[in-house]
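1. Sequence first, then the predicted structure, then my questions.
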Amino acid sequence: MANEPDWVDVGSVEDLARRELQMVVARRTRIALSFRDGRFGAVSGVCNHHGGPLGEGRIDGAGFIECPWHYWKFHHVTGVGAPGYEEDRVPSFALKVEDGRVYVDVASGTPRTKKPHAPHPLARTVVRAEGPVRIVGLSTTIMTRNHPRFSTSELLLEEALRHAAEHGYDTRLIRLRDLRFRACEGFYSKSANACTWPCSITQMDPRDELDRVYEALVHWADVYVIATPIRWGAASSLYFKMVERMNCIQNQETVANRILLRNKAAGFIVTGGQDNVQATVGQMLGFFAELGVQFPQFPYIAHSRGWSAEDMENNVTMVAESEALREGARALVDRCVEMASLMVHGTIPEHAHVRGGRKAHRMGSQMPEVGRQKP
């Protein structure tokens, strides 16, 4: 039996016709109300993908609403997905205009249908595979493609990985400069729920190669050794490009109470012609600590000749010929492995994820969280 009509006045024609697309609420149901070519349309304001606000998007030339979160498209009148995705459909609603007012029948919504989408490989449950401690080295040094140069931080990283491999541990080296990946595009700035795991960019763009870093950090490695030069008193811009894309890992703690990085240890290698080692490492420690990563005693090694030493060729020579720094790199990875072994093979209990005092924890005096949208 069909539902009885439930017509709701959502506003005047004069006001609503001024905007091509807007969000209105009818009996707690969010409606993406459109006005194009002299005709109103009404579809659900909630996207099939991650609940994005369709009424805050835009209508393209073919008449499809583009969700502002991740750009999924649905026709502004029928709710049908874009060509090739017709099985994805948001509810559409009957409407009428009487006496200069626009009415939407909230009881007339068509069924919401979702085309089955295979989950991204990174979305699988995080389960550590059996085996020895696994170590990933991440070099964040930038170079001109096909024109390599000497990197002091990468030299020490390679020494650390070579030492670990000789002792029977699995190792991988990822040079970020060899990967083509987009910069973070600020989905979190739209809504915490718009910043997804796996990263929205990774899911949308099969050419984006940061999935290799995510795979190593979340699913494969027990130890991260991260190497960076000092650039104007900070880590390299490539390092920051990577960690901005790692907001999707931290955000799972906020929106899903889910910790993706468990029993992970990290150490850092920082070298450069300029100083500011402590501040550079401090940022790195602070960031990875917020993701739940642990650190061994003395979690970094560093080398700098200070502000005045602009003779970079001498700086390179000093590091290249320094057995003491190589020894330091070997000892650093040993400490990281010991910390990881304690967590992976030891008896450290798994603690509940307590929100108080953590990032995005809300105190009573703050604005309440916005409730989930009703389809």
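-> Sure thing, it's come through. Model, not experiment: these values are computed from the prediction.

2. Send me whichever helix in the chain runs longest as CSV with only the CA atoms.
-> If you go by DSSP state H, the chain has its longest helix at helix 323-345. The C-alpha trace of helix 323-345 is given here as CSV (Å, rounded to 0.1, in the frame of the first residue of the first chain):
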residue,chain,number,x,y,z
GLU,A,323,82.0,5.8,10.7
ALA,A,324,80.6,7.3,13.9
LEU,A,325,77.3,8.3,12.1
ARG,A,326,77.1,4.9,10.4
GLU,A,327,77.5,3.3,13.8
GLY,A,328,74.8,5.6,15.1
ALA,A,329,72.4,4.5,12.3
ARG,A,330,73.0,0.9,13.1
ALA,A,331,72.4,1.4,16.8
LEU,A,332,69.2,3.5,16.1
VAL,A,333,67.6,0.6,14.1
ASP,A,334,68.7,-1.9,16.8
ARG,A,335,66.8,0.2,19.5
CYS,A,336,63.7,0.5,17.3
VAL,A,337,63.7,-3.3,16.7
GLU,A,338,64.0,-4.0,20.4
MET,A,339,61.1,-1.7,21.1
ALA,A,340,59.0,-3.3,18.4
SER,A,341,59.9,-6.8,19.5
LEU,A,342,58.7,-6.0,23.0
MET,A,343,55.3,-4.8,21.7
VAL,A,344,54.9,-7.5,19.0
HIS,A,345,56.2,-10.5,20.9
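
3. how far away is Leu342 from Arg335?
-> 11 Å (CB to CB, to the nearest Å). Quick note: C-beta positions are derived from backbone N, CA and C, even for glycine.

4. about what we covered before: which strands and helices sit next to the longest helix of the chain?
-> Secondary-structure packing of helix 323-345 (3 or more CB pairs under 8 Å, 6 or more residues apart in numbering; DSSP states H and E): strand 134-139, helix 152-166, strand 223-229, strand 265-272, strand 300-304.

5. what does that helix contact?
-> Outside of helix 323-345, the residues within contact range by CB atoms under 8 Å, 6 or more residues apart in numbering are 128, 133, 135, 156-157, 159-161, 163-164, 169, 222-223, 225, 263-267, 269, 294-301, 303, 319, 348.

6. Among those residues, name the buried ones.
-> Neighbour counting by 16 or more other CB atoms under 10 Å classes 133, 135, 156-157, 159-161, 163-164, 169, 222-223, 225, 263-267, 269, 294-296, 299-301, 303, 319 among these as buried.

7. For the worst-scoring helix or strand of the chain on mean pLDDT, enumerate the helices and strands it packs against.
-> In the chain, the helix or strand scored least confidently by mean pLDDT, DSSP states H and E is helix 312-320, which has a mean of 83. If you count contacts as 3+ CB pairs under 8 Å, 6+ apart, helix 312-320 packs onto helix 152-166.
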